[in-house]
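Undergrad: Predicted structure and sequence below. I'll ask about it afterward.
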Amino acid sequence: MTEFPDYLNVDYTDGEGESPEDYPSLQHKIEKAIEVTRQGLEEYENPAIMWTGGKDSTLTLYFVKEVAERHDLEMPPAVFLDHYQHFDELIDFVERWADEWDLDVIFARNEDVGAYVEEHDLTPGDDIEISALNEQNRHHIRNILEYEEDTFPFLLDTYVGNHLLKTVPLNNAIEEYDIDGIVSGVRWDEQEARADETFFSPRHDPDIYPPHDRIQPILQFDERAVWDAFWHYVVPDTVEGFPEDGYVPDDADDLPNGLTQDDIPVSPKYFAGFRSLGSEVSTEKSEEEPAWHQDLENTTERAGRAQDKEDLMERLRDLGYM
C-alpha cells in the first residue's frame, strides 16, 4: 500500500470548520451521511466498518447497509474490537444482529494479552507483567507509549490498556485484511478531540499505523439526532411490525405491536439508562430511564466513562485510536 492515496478521489477537507449546526435538520444530516457513505463504498477497494454494538456505530452500519443495497455495492465486513471487558449483553447483541443482518464480522483481539489474562486468571484491575508479553506489545509499551513501569493494570479505560486492547488489534486487522478505509461512527460533538475531524480523514503515516483513511458519515449528528434517526428510520426500516412513521417508546415495556426488546436493534444497555457503552467495569448508567429520554442537551454523554482515558483522548487518537 505504498501508493495508498493515489487511486482515491476524496476531499480530505470536507467538513473542515463545520459543526452539527451546519446540518440543521435530521434530513440534512441523513443526506450527508448517505453521500459520504456512498462515496466511501465506491472509492475504497477494501473498506470495513467499525462496529461496537453501540448506537453510533450501529447507525453507521445502517447507512452502509442501506447504501450498499440501494446502489448494488458490496457490503463490507464489520470489525468488532473484543477488548475482553464488554458487557455480556453487548456481545449477545452483536452476535444476534450480525446473524439477523447476515454480516461478515471480524473479531479483532490482542490475543497475546488475552492469553496472559486467561493463563493467570486475571480480573480487571489486576497487573500484567510487561516482560511476559510478545515483542509487538513490548514495542508499543516501551517505544510508542514510552511507558516505563514493569506492569500495567488490565483495564480498558487507561492509557496502556486502551492502546493495547483496542488500537493494536485494530491496526493488526487493518494490515491483515488490507483495509484501506475504516467506516467509523465518531461524531463532532462527542468529544473535544473529535471536533476537528473531517468526513474523509487520512491516516497515512506508516510509522504509526498501516496507511488507511477514516470514513466518517455521522460526524454531523448530535446525540439527539442519533436517537431520532433510530426511532424514525433505523428501527422502522429493519424491524417488521414497527410503525413505518416511527414510534418512541417510553421503556422496554412500551414497544408497539407485541415487539420485545430483543426485536429492536438497540442495545439493552440503552434501555437500562446507559448513554455510552465502554468497559463493563468502568462504565455506569447515567439515569434509570432510557438514554433517549434523558436530558441530552444539558448533560454529558460520556460522564459514565472512566475519565483517565477520556482525558488522554487526543494523544490516544494520534496513536491510532478511533
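TA: Nice, I can see it.

Undergrad: pLDDT of stretch 46-65, averaged?
TA: For stretch 46-65, mean pLDDT is 97.

Undergrad: Check stretch 103-120 too.
TA: On average, stretch 103-120 scores 97.

Undergrad: And stretch 253-267, by the same measure?
TA: For stretch 253-267, the mean pLDDT works out to 97.

Undergrad: and the end-to-end length of it?
TA: Taking Cα to Cα, to the nearest Å as the measure, stretch 253-267 stretches 15 Å from start to finish.

Undergrad: ok, now stretch 131-144?
TA: Termini of stretch 131-144 sit 16 Å apart (Cα to Cα).

Undergrad: if I pick Asn9, what's in contact with it?
TA: The contact partners of Asn9, taken as Cβ atoms under 8 Å, 6 or more residues apart in numbering, are Glu43. Every residue, glycine included, has its C-beta placed from N, CA and C.

Undergrad: Also Trp101?
TA: By Cβ under 8 Å, 6+ apart, the contact set of Trp101 is 61, 65, 238.

Undergrad: Distance of it relative to Ile91?
TA: Taking Cβ to Cβ, to the nearest Å as the measure, Trp101 falls 16 Å from Ile91.

Undergrad: Between the contacts of Trp101, which sits nearest Glu74?
TA: Within the contacts of Trp101, proximity to Glu74 (Cβ to Cβ) peaks at Lys65, which comes in at 11.7 Å.

Undergrad: buried set for the helix or strand harbouring that closest one?
TA: Using DSSP states H and E, Lys65 sits in helix 55-70. Neighbour-count burial for helix 55-70 flags 55-68 (criterion: 16 or more other Cβ atoms under 10 Å).

Undergrad: and after it, which helix or strand comes next?
TA: The element immediately downstream of helix 55-70 (helix or strand, assigned by DSSP H and E) is strand 78-81.

Undergrad: Can you work out which other helices and strands pack against that next one?
TA: Using 3 or more Cβ pairs under 8 Å, 6 or more residues apart in numbering; DSSP states H and E as the contact test, the elements touching strand 78-81 are strand 47-50, strand 105-108, helix 168-176.

Undergrad: Within its sheet, name the partner strands of the second one and how each one runs.
TA: Sheet pairing of strand 105-108 (DSSP bridges) gives strand 78-81 (parallel).

Undergrad: Please work out which residues outside the strand it pairs with touch it.
TA: Under the criterion Cβ under 8 Å, 6+ apart, residues 48-53, 61, 94, 98, 103-109, 165-166, 169-170, 173, 179, 182 lie in contact with strand 78-81.

Undergrad: Those residues, buried ones only, as a PyMOL selection?
TA: A single PyMOL command selects the buried members of the contacts of strand 78-81 (16+ other Cβ under 10 Å):
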select buried, resi 48+49+50+51+52+53+61+94+98+103+105+106+108+109+165+166+169+170+173+179+182
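
Undergrad: quick one: which of the contacts of Trp101 is nearest to Asp205?
TA: Of these, the one sitting nearest to Asp205 (Cβ to Cβ) turns out to be Leu61, at 27.6 Å.

Undergrad: residues in contact with the closest one?
TA: Leu61 makes contact with 49, 51, 78, 101, 103, 185 under the criterion Cβ under 8 Å, 6+ apart.

Undergrad: about what we covered before: with respect to Ala229, which of the helices and strands packed on strand 78-81 lies nearest?
TA: Nearest of the helices and strands packed on strand 78-81 to Ala229, taken as Cβ to Cβ: strand 47-50 at 16.5 Å.
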